[in-house]
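Peer 1: Just to be clear, the model below is a prediction. Sequence and coordinates:
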Amino acid sequence: MLPYAFSGFPFVERFYSYAELNSTNEKAVNFSEIPKTGVFVFQADCQNTGRGRLGRTFFSKNEGGLWVSILKQLPDISTHFIHNRSISLAITSSIKRFIPKASLSIKWPNDIYWNRKKICGILLESHRTSPNALVIGFGLNVNISREEFPPELHSIATSVLQESGKTIPLSTLLRTIMEFYKEYSEAPVEDCHSQYLSLLYRQNSPVTIEKTAGIFRTVSIEGSAVIETDNGFVNVNGGTMLFSEDK
C-alpha cells in the first residue's frame, strides 16, 4: 500500500501498512496509543488468520483486497452502531463510485453482499485497555479472481473483480472509503439510517436469528434487527441471519 495514501487528509492521524499480519484487528485492539480527534488506520496486504477465514485454508493474497482496521476514540462507546452503519455505507458508496451499477446490499449486522454473495465482512471490537476506543475492522474482496477462491467458497463469496470485470487501485479505494466514513460518521443519524435501511439485504424475508424466527422487517436506529414473529415484534441485538437457503 502506498505510504502517502492519506496525504492531505488529517482525519487519518496515522497510517500503518504491513506486508502481512495475522489480523489487523488484533494489531489495533492491542495498540499502545489512541488517536486524539481522528483515527489510526491499520492495513495489511495479506491477513493470514483473520476471523473471516472461518477455519478455511483460504486467506488474502497480496494486492487482492483491503484488510483494514480503524482505531477511533468515542465520547460514548454505547453509540458504536453509528460506526457500523457509517463504515457499511462508506464501503457501498465507495464501490459504487467506481462501479455505479454494483448490486450491493447490507446484511445485518456486519456483512456486505453483491447480489447473493458476500463481498465484505465487518468486525467491531473494543480496545483492550481504553474503554472508549473502538476498532472497526473490515475485509473487502476487491481484485481477487474466481480462481483464487477455493471451490467451497465459489457459491458464497465474490469480489469486485469477479462481479464487474474491473480492478480498482487499492490505495485510491481505501482513501475513498475513509473519506466517506468520516462524512457518514459526522452526518445526521436519521439521514444515514434512512440510507442504510434502503440497502438492507433480504428485508421482509423469513429469517431465523439464534432462537428467533419470523419476518425480517427492519433495523432500529440503535442497531437491533426487528423481527415480526407470531407473537409480535421482537428486537434482536446480535447473531447470524439464516435464510431458508442457508439451512
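Peer 2: Okay, I see it.

Peer 1: CA atoms for contacts and neighbours, from now on please.
Peer 2: Will do.

Peer 1: For stretch 28-43, measure first residue to last.
Peer 2: In terms of C-alpha to C-alpha, to the nearest Å, the two terminal residues of stretch 28-43 are separated by 10 Å.

Peer 1: tell me which residues in that stretch are buried?
Peer 2: For stretch 28-43, the neighbour count (16 or more other C-alpha atoms under 10 Å) marks 28-29, 34-35, 38-43 as buried.

Peer 1: Show me which of those is closest to E152.
Peer 2: Using C-alpha to C-alpha, Q43 is the member of the buried residues of stretch 28-43 that lies nearest E152, at 26.6 Å.

Peer 1: Now tell me what touches the host helix or strand of the closest one from outside.
Peer 2: Per DSSP states H and E: Q43 is located in strand 39-47. Taking C-alpha atoms under 8 Å, 6 or more residues apart in numbering as the criterion, the residues outside strand 39-47 that touch it are 1, 11-24, 27-28, 34, 59-73.

Peer 1: show me where this structure has helices.
Peer 2: In the chain, the helices defined using DSSP state H lie at 24-29, 81-98, 160-164, 170-186, 189-197.

Peer 1: most tightly surrounded among those helices?
Peer 2: A comparison of the helices of the chain by mean neighbour count, using mean count of other C-alpha atoms under 10 Å, puts helix 24-29 on top with a mean of 23.

Peer 1: and that one, what does it pack onto?
Peer 2: The criterion is 3 or more C-alpha pairs under 8 Å, 6 or more residues apart in numbering; DSSP states H and E, and the helices and strands that helix 24-29 contacts are strand 39-47, strand 65-73, strand 117-126, strand 133-141.

Peer 1: And for that helix, what's in contact with it?
Peer 2: Residues outside helix 24-29 that contact it (C-alpha under 8 Å, 6+ apart): 42-44, 47, 50, 67-71, 125-128, 135-137.

Peer 1: Poorly predicted segments of this protein, please.
Peer 2: By pLDDT under 70, the weakly predicted segments of the chain are 1, 50-63, 247.

Peer 1: which residue is nearest the middle of it?
Peer 2: With distances taken as C-alpha atoms, centre = their mean, I122 lies nearest the centre of the chain, 3.2 Å away.

Peer 1: ok, back up a step: tell me which of the helices of the chain lies nearest to E147.
Peer 2: helix 160-164 (9.5 Å).

Peer 1: what comes into contact with that closest one?
Peer 2: 99, 102, 114, 119, 141-146, 166-167.

Peer 1: And for stretch 182-200?
Peer 2: When contacts are taken as C-alpha under 8 Å, 6+ apart, the neighbours of stretch 182-200 outside the stretch itself are 11, 82-83, 85-87, 89-90, 104-108, 218-219, 221.

Peer 1: try 6 Å this time
Peer 2: Contacts of stretch 182-200 from elsewhere in the structure, counted by C-alpha atoms under 6 Å, 6 or more residues apart in numbering, are 86, 105-106.

Peer 1: got the end-to-end distance for it?
Peer 2: Across its full length, stretch 182-200 reaches 21 Å end to end, with C-alpha to C-alpha as the criterion.

Peer 1: again, but for stretch 150-159
Peer 2: Stretch 150-159 has an end-to-end distance of 13 Å (criterion: C-alpha to C-alpha).

Peer 1: quick revisit: farthest pair within the contacts of helix 160-164?
Peer 2: Farthest-apart pair in the contacts of helix 160-164 is I99 and R146; separation 18.3 Å (C-alpha to C-alpha).

Peer 1: ok, back up a step: output the contacts of stretch 182-200 in a markdown table, with distance to I227 appended to each entry.
Peer 2: Converted to a markdown table, the contacts of stretch 182-200 look like this (distance: C-alpha to C-alpha, whole Å):
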| residue | distance to I227 |
| --- | --- |
| S86 | 23 |
| S105 | 18 |
| I106 | 16 |
